[in-house]
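Trainee: Here is my input, please return the structure:
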Amino acid sequence: MARALMRRESLAGPAGRIECVIESPAGVARGLALVAHPHPLYGGTLENKVVQALARAFVELGYQALRPNFRGVGASEGAYDEGRGEVDDLAAVLEHARGELGGLPLALAGFSFGAVMQARLAARANPERLVLVGLAVNHFDAPAVPPDTLLVHGELDETVPLQQVLDWARPQDLPVILVPGADHFFHRRLHVLRGIVQHNWRTR
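Mentor: Predicted coordinates for the structure are as follows:
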């Protein structure tokens with residue numbers, strides 16, 4: 001059986017070059033998945049295990065998955081911009097991907113800080129679906145999201161208290177998928193997270 005391909009590229013961004021890992025499925029991609037990592041000032045990178053798990057879930061679904069480093073992280077140029085320029089970074093990577101692959105269905109996924117950035121990007125990117133994991137609503141403002149958004153949280157998350165995520169989701173009537181026994185980083189629960197994405201996915 002053919003294996004997925006992975007490559008690392010340096011893409012043009014608003015603050016300089018953006019380091020990005022691109023994973024392509026075996027065969028022709030049926031969609032694009034842009035995956036955003038946690039907070040740049042607290043160790044968040046494209047190598048984060050949750051981010052890798054999300055990307056892998058989408059590659060197995062037949063999507064090309066892109067994992068960029070935000071500005072100032074790894075080989076990405078620029079400096080942390082408190083969640084403003086980071087959305088522009090994601091938009092630049094998305095523009096590059098769409099230039100290569102055209103108008104394929106788009107999935108936006110993010111973890112913690114990255115989830116907030118993707119919620120912000122979704123308002124202008126019109127994704128097929130949005131996946132938000134460990135959404136850091138206790139540190140950053142996140143806009144309302146589409147009703148079919150997958151919002152996943154760990155039962156034992158001490159970084160982002162579950163109650164605050166529920167308070168954010170309640171006015172939207174947005175369900176929260178709770179993973180029993182999972183902490184913020186989904187230690188020993190990454191396989192559950194991948195399964196949630198894959199079992200709940202649908203095309204439009």
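
Trainee: Identify each of the helices in the protein and give its residue range.
Mentor: 49-60, 85-101, 113-125, 162-169, 190-200 (DSSP state H).

Trainee: closest one to residue 137 among those?
Mentor: Residue 137 lies closest to helix 162-169 among these, at 4.5 Å (C-beta to C-beta). The way it works is simple: take the backbone N, C-alpha and C, and place the C-beta from them, glycine included.

Trainee: For that closest one, the averaged confidence score.
Mentor: Mean per-residue pLDDT for helix 162-169: 98.

Trainee: Would you map the strands across this structure?
Mentor: Assigned by DSSP state E, the strands in the chain fall at 5-13, 16-24, 31-36, 63-68, 106-111, 129-133, 150-154, 177-179.

Trainee: For residue 60, grab the count of nearby residues.
Mentor: Neighbour count for residue 60, taken as other C-beta atoms under 10 Å: 15.

Trainee: list the contacts for it?
Mentor: 25, 194, 198 (C-beta atoms under 8 Å, 6 or more residues apart in numbering).

Trainee: how does it look with 10 Å?
Mentor: 4, 25-26, 194, 197-198 (C-beta atoms under 10 Å, 6 or more residues apart in numbering).

Trainee: how much space between residue 54 and residue 99?
Mentor: In this view, residue 54 and residue 99 are 23 Å apart by C-beta to C-beta, to the nearest Å.

Trainee: Correction: the previous question concerned residue 181.
Mentor: From residue 181 to residue 99 the distance is 42 Å (C-beta to C-beta).

Trainee: If you count surrounding residues, which of those two has more?
Mentor: residue 181 (12 against 8).

Trainee: Can you say which of the contacts of residue 60 are buried?
Mentor: 25, 194, 197 (16 or more other C-beta atoms under 10 Å).

Trainee: Residue 49: which of those is nearest?
Mentor: Nearest member of the buried ones among the contacts of residue 60 to residue 49, counting by C-beta to C-beta, is residue 194, at 11.2 Å.

Trainee: pretty sure that closest one contacts residue 49?
Mentor: No - Residue 194 is not in contact with residue 49 according to C-beta atoms under 10 Å; the separation is 11.2 Å.

Trainee: Can you pull the residues that touch both of the two?
Mentor: Shared contacts of residue 194 and residue 49 (C-beta under 10 Å, 6+ apart): residue 186.
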